[in-house]
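[1] From the sequence below, what's the structure:
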Amino acid sequence: MNRPLIGISTYLEASVRWGSWDLPAALLPAGYARLVREAGGLAVMLPPDSPDLAASVVARLDAVVVAGGPDVDPARYGADRDARTGPPAPERDGWEAALIGAALESGTPLLGICRGMQLLNVAFGGTLTQHLDGHRGPDGATGVFGTHTVTPVAGTRYASAVSGECSVPTYHHQAVDRIGPGLVACAHAADGTVEAVEAPGPEWVLGVQWHPEMGDDARVMRALVAAAGLREPVAEPAP
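    As a prediction, the model looks like this:
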């Protein structure tokens, strides 16, 4: 049986050491591809490109994953920049917003992870909390993932993919504030933080605030891959 092709957006780094060279690079933590593979899919990396090409790219995929990464530019949701918000990443913001739009337009299954969930909410007209404490690793140590429990909302797509509360790997300092029209919360942390959002209806659209690629729970990715396997092919837009 053919494995569904799952496109994953990538990190864009201005300077990465490659032997004797110091070059820009599009990178992706290996956990994303591993999780897709374990869930039964084939992973392909989607480095930032012209937003005009997003629809053609998505037409060749069975599902899209918008990966974690830098903070979304507050200008995208009409907010002033908090001093604790990271520097803007306009290439990623523009490319991933276009991928989200193309996936929604074509009905392609879509999963947002951490930053990906936040950008999904912004794409639906929602806003973000630019800083909150307690959702990083011990003492907020840089690069150290923590864990906390998330509780699904009964009757949601997320709740159908998991069974009850679960502990998830987490590392973020921003979160959903106002949920965008057309999305609903489908999981929460104990402190009330929205941990997952989805679009009700037949199209498979889900965002999770945590990092499933940093753990061994593939249930959310398996649900995405299953939805991707049922998707009808979409014609590539005319040039």
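
[2] Just confirm D22 contacts A14, I think it does.
    No - the criterion here is CB atoms under 8 Å, and D22 misses it with A14 at 9.8 Å. The way it works is simple: take the backbone N, C-alpha and C, and place the C-beta from them, glycine included.

[3] Compare the two (neighbour count), which wins?
    With neighbours defined as other CB atoms under 10 Å, D22 and A14 compare such that D22 has more, 11 against 8.

[4] Pull out the buried positions in the one helix or strand the more buried one maps to.
    For D22, the element it lies in under DSSP states H and E is strand 21-27. Neighbour-count burial for strand 21-27, counted by 16 or more other CB atoms under 10 Å, picks out 25-26.

[5] swap in stretch 170-181?
    Residues 170-177, 179-180 are the ones in stretch 170-181 that count as buried (16+ other CB under 10 Å).

[6] ok, so of those, who is nearest G229?
    Within the buried residues of stretch 170-181, the smallest distance to G229 is 27.6 Å, found for G180 (CB to CB).

[7] who touches that closest one in this structure?
    With contacts taken as CB atoms under 8 Å, 6 or more residues apart in numbering, G180 has the following neighbours: 120-126, 197.

[8] do that again at 6 Å, thanks
    By CB atoms under 6 Å, 6 or more residues apart in numbering, the residues touching G180 are 121, 124-126.

[9] now the residues you listed in CSV, with distance to L35?
    As requested, the contacts of G180 are exported to CSV (distance: CB to CB, whole Å):
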residue, distance to L35
N121, 22
F124, 25
G125, 29
G126, 26
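
[10] returning to that earlier point: show me how far the strand holding D22 is from its chain's centre.
    Its chain's C-alpha centre and that of strand 21-27 lie 23 Å apart, by CA atoms, centre = their mean, to the nearest Å.

[11] Likewise for stretch 165-181?
    That offset, for stretch 165-181, works out to 11 Å (CA atoms, centre = their mean).

[12] how far does that stretch stretch from start to finish?
    26 Å (CA to CA, to the nearest Å).

[13] ditto for stretch 16-31
    From its first residue to its last, stretch 16-31 covers 19 Å (CA to CA).

[14] Name the spans of the protein whose pLDDT lies under the cut-off.
    Within the chain, the segments meeting pLDDT under 70 span 1, 138-143, 231-239.

[15] Now do the helices in the chain.
    Here the chain has its helices, by DSSP state H, at 30-38, 54-59, 90-106, 115-123, 157-161, 219-229.

[16] which neighbours does the strand holding D22 have in its sheet, and in what orientation?
    If you go by DSSP bridges, strand 21-27 pairs up with strand 11-18 (antiparallel).

[17] And for the strand it pairs with, what's in contact with it?
    By CB under 6 Å, 6+ apart, the surrounding residues in contact with strand 11-18 are 22, 24-27, 48, 69, 91-92.

[18] Done for today, thanks.
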